[in-house]
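Student: Here is my input; please provide its structure:
(2 chains)
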Amino acid sequence: MSHLLFLIPVALLLGGLGLLGFLWALKNNQFEDLDGAANRILTDDEDQPL
Amino acid sequence: MLKTNADHLLLGPGDTTDTSLDKSLITKDEFSDLIHYDNNGVASLEFIVANLNCAGCMTKIEHHFGKFDGLRSVRVNLSERLVRFVWPEDAGISGRELFEQLEQLGFQARPVLVGETTEDASITELHSLLWALGVAGFAAANVMLLSVSVWSGAEGTTRELFHWLSALIALPAIAFAGRPFFRSAIQALKAGQLNMDVPISLAVILAAGLSLYETIQLGEHAFFDAALTLLFFLLIGRTLDQMMRRRAFAGVRSLLAFKTEQVMLIDEHNNKTPFPLKDVKPGMSVFIHPGETIPVDGTISDGSSDVDWSLLNGESIPQTKSSGDEVFSGLINLTGPLSIRVTAVGEQTLLSDIIRLMESANERAPRYRQLADRAAALYAPLVHLAALLTFLGWMFAGANFESALYIAISVLIITCPCALGLAVPVVQVVASSVAHSMGILMKDGQALEKLSEVDTVVFDKTGTLTTGSPLLKEQKYDAHFLLPVAAALAENSLHPLSKALFKFAKEENQLALPAVADVKEFPGSGLRGKWAGSEVRLGSFEWCGIENLLKREHSQQTDELELWVSYQPEGGSMVCAQFIFEDAIRPGVETLLQELRKQKLCLYLLSGDRSTPVMRISDKLGIENYRAEMKPDQKCQFIERLEGTGHKVLMVGDGINDGPSLSAAYVSLSLSSASDVAQVSADFVLMRESLLPLARLIKLARSARLLISQNFGIAVVYNLIAVPVAVAGFVTPIVAAIAMSLSSILVTLNALRLHLLNRNDKMR
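Tutor: Numbers count the residues shown, from 1 in each chain, chains lettered A, B, ... in the order given. Okay, here's the model as predicted:
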């Protein structure tokens, strides 16, 4: 029982981090162009798009 | 290419002019209206690019413009085929420059309005759905973790703690993530209807309430996980649906582009000043450069020109119009400057008549109810009735109120319509992405459903079955010798035949074109210039003065698309050549028609063009049912008559004159080269040159429909098994969790088969 007191907050915290990560990505338009993101892997040069 | 020459502006209208035009005069400021400025002095402009479809295109554009002076950023969005340019306001970048460079790179670009309001609304909608999805996913995962512990034997205080923790996570999450469903359910109930969201909302709310009650009572069974996974699955479906709508919308919003906002007004002193189109009144005079679209209805007061009617009535050959003739908004002025006395603007124009016709056709068309909605209308009352009967039955059988309610709610939970809420959107999203890869934009899921029922296809001719731009078919007489000089003359004209000749010589055969001096264009006749000191003419048989040279057979004169060229060298005898053109059939049309016949579809051809060219095309393609010289309202009536006899019509068209019939038809397809009016009223827009994808699109629609019905079948079987179990009271939270996940996964997997079905099709 006592380790639950420790594990449950940890589980919730980790899940919460995942949720925050998702919401952050959403806010930063990471899901705007899924096809584009998939295709950008194929371009092998290092320089950034302007 | 075209050299700058502002002099022709100074010539009075009606003079034949040097036709070398400054391109920027032809299409004045169409880009500046579309540039979006934000408050921080940042300008942005977006283009939709039809042939943007691979990683290569993406890098090509981003690298090319990466070196462009002054641009702050260029970003390609492959999913929506958009290129977005951002630059500081004072960088002095013109939209036209960006546009021309895109074209030079080989992209068919079209500017769009940035930040159009409805588009913003759809983004916010999608974002709020994704937020809800994220929250539901997080809560579902955590509650499931706690539930699994309970199922695997946690008892006493531990179970109570876990239930309370679940409630703590689940209740706010349900309140937040369930809003899209609650809102829509309330709307439906207010309107006195039942939609899918009513049983969903009810099940979720009741499950949460029951579980809370159980938790307070320190009971054994809580359904928090079921309520949350249900929301999570259904939100996936809802989000996919919204994403698909948005993708379709990105294509359609480009239609607001290219609106003429300003015209050249002529005052009584013959001065020309730019003037806003919306303030133009009948009685005023406006000046139209060659190459411009005429924005008003009116009578020509001065000048003469060849006028392109193809968008308005589908006629392939331009008509010569001069002083006293009537012209209408939507026509394109090709060869000479025109002064027009305005008789009608805005709402009163012929174009607006057509648009009104289109709107009324739209209103008359019966409202279509999607398969999922029809199924839900059947399903929802049944589910509610089953739950109610279960409750009454158990009460009658002597169970106490609480356990009867518990069992009734478990019936509602287990029957929740995942096949409708998740599987249908999955099918539609997969279908829309397959369609997208074929180069077809789809307005919504219901268009696809309607397409699967089609039994008749009606085609327009000019611009649809044909490319709408003539191609050189035959050369006669001294063509070998005269082609280069003829092409050099043709370069100076916007007439479609001249453009075709120039394209043939310069781009396809890469001939070196000689210099021709003093080129003048005479609307309705042709062009004249000087080559090696002697006169050379390009145009009609009469214009070239060939009757002295050749006796013309009478039959040759009918409806042939032709250009003549004559050259009179000093001291020598005259030489001439004839170039015969045809309105080329679009690539893939023959194969497409074969495929459509194989699919047992009735084919019709309706055209506004004259009967000879229509007959020629229909003979060539073997379409037996054709009508020529159809006005927009006649086309529309023809289609409504067909539908009146129980046919489901797919209309394929591109012109303004097709707008009403596209709206009247059960379902419609237009082309990316089509007029705005046609694209707005169509359900599908084909972004490729070839019409061939249409055959595959119909197949796709049919297999999508098949999968949707299969999923309904799966749902029925699932319910036949699950409902009796629930009614008998055997449903515990663990049974509900397993049954619901299994059925959701099953229908989703089945929906994904659309990809497989389509891939097999491609390989064959």
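Student: CA only for contacts and neighbour counts going forward, please
Tutor: Fine.
Student: Would you map the helices across the stretch 551-700 of chain B?
Tutor: B:589-598, B:611-621, B:632-644, B:659-664, B:676-681, B:693-727 (DSSP state H, counting those that start in this stretch).
Student: Which positions within the second one qualify as buried?
Tutor: Read it as helix B:611-621. By neighbour count on 16 or more other CA atoms under 10 Å in any protein chain shown, the buried set for helix B:611-621 is B:Ser611, B:Pro613, B:Val614, B:Met615, B:Ile617, B:Ser618, B:Leu621.
Student: same thing with the longest one?
Tutor: Taking 16+ other CA under 10 Å as the basis for neighbour counts, the residues of helix B:693-727 that come out buried are B:693-705, B:707-712, B:714-715, B:718-719, B:722-723, B:725-727.
Student: Give me the distance from that helix to the chain's centre.
Tutor: Put simply, helix B:693-727 sits 28 Å off its chain's centre (CA atoms, centre = their mean, to the nearest Å).
Student: mean confidence for the helix or strand following that helix?
Tutor: Moving toward the C-terminus from helix B:693-727, the next helix or strand (DSSP states H and E) is helix B:733-763. For helix B:733-763, mean pLDDT rounds to 78.
Student: So which elements touch helix B:733-763?
Tutor: Secondary-structure packing of helix B:733-763 (3 or more CA pairs under 8 Å, 6 or more residues apart in numbering or on different chains; DSSP states H and E): helix B:224-252, helix B:401-414, helix B:424-437, helix B:693-727.
Student: Longest helix in chain A, please.
Tutor: When chain A is parsed with DSSP state H, its longest helix is helix A:2-27.
Student: which other helices and strands contact it?
Tutor: helix B:117-151.
Student: immediately after the helix it packs on, which helix or strand?
Tutor: Using DSSP H and E, the helix or strand that follows helix B:117-151 in sequence is helix B:156-177.
Student: and that next one, C-alpha only, in PDB?
Tutor: In PDB, the C-alpha atoms belonging to helix B:156-177 read as follows (Å, rounded to 0.1, in the frame of the first residue of the first chain):
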ATOM      1  CA  GLY B 156     -11.200  -2.900   0.300                       C
ATOM      2  CA  THR B 157      -9.500   0.400   0.900                       C
ATOM      3  CA  THR B 158      -7.300   0.000  -2.200                       C
ATOM      4  CA  ARG B 159     -10.300  -0.400  -4.500                       C
ATOM      5  CA  GLU B 160     -12.100   2.500  -2.900                       C
ATOM      6  CA  LEU B 161      -9.000   4.700  -3.200                       C
ATOM      7  CA  PHE B 162      -8.600   3.700  -6.900                       C
ATOM      8  CA  HIS B 163     -12.300   4.400  -7.600                       C
ATOM      9  CA  TRP B 164     -12.000   7.800  -6.000                       C
ATOM     10  CA  LEU B 165      -8.800   8.500  -7.900                       C
ATOM     11  CA  SER B 166     -10.600   7.400 -11.100                       C
ATOM     12  CA  ALA B 167     -13.500   9.700 -10.400                       C
ATOM     13  CA  LEU B 168     -11.100  12.600  -9.700                       C
ATOM     14  CA  ILE B 169      -9.500  12.100 -13.100                       C
ATOM     15  CA  ALA B 170     -12.500  11.000 -15.100                       C
ATOM     16  CA  LEU B 171     -15.200  13.500 -14.100                       C
ATOM     17  CA  PRO B 172     -13.400  16.700 -15.200                       C
ATOM     18  CA  ALA B 173     -12.000  14.900 -18.200                       C
ATOM     19  CA  ILE B 174     -15.500  13.800 -19.300                       C
ATOM     20  CA  ALA B 175     -16.800  17.300 -18.700                       C
ATOM     21  CA  PHE B 176     -14.100  18.800 -20.900                       C
ATOM     22  CA  ALA B 177     -13.700  16.200 -23.600                       C
END
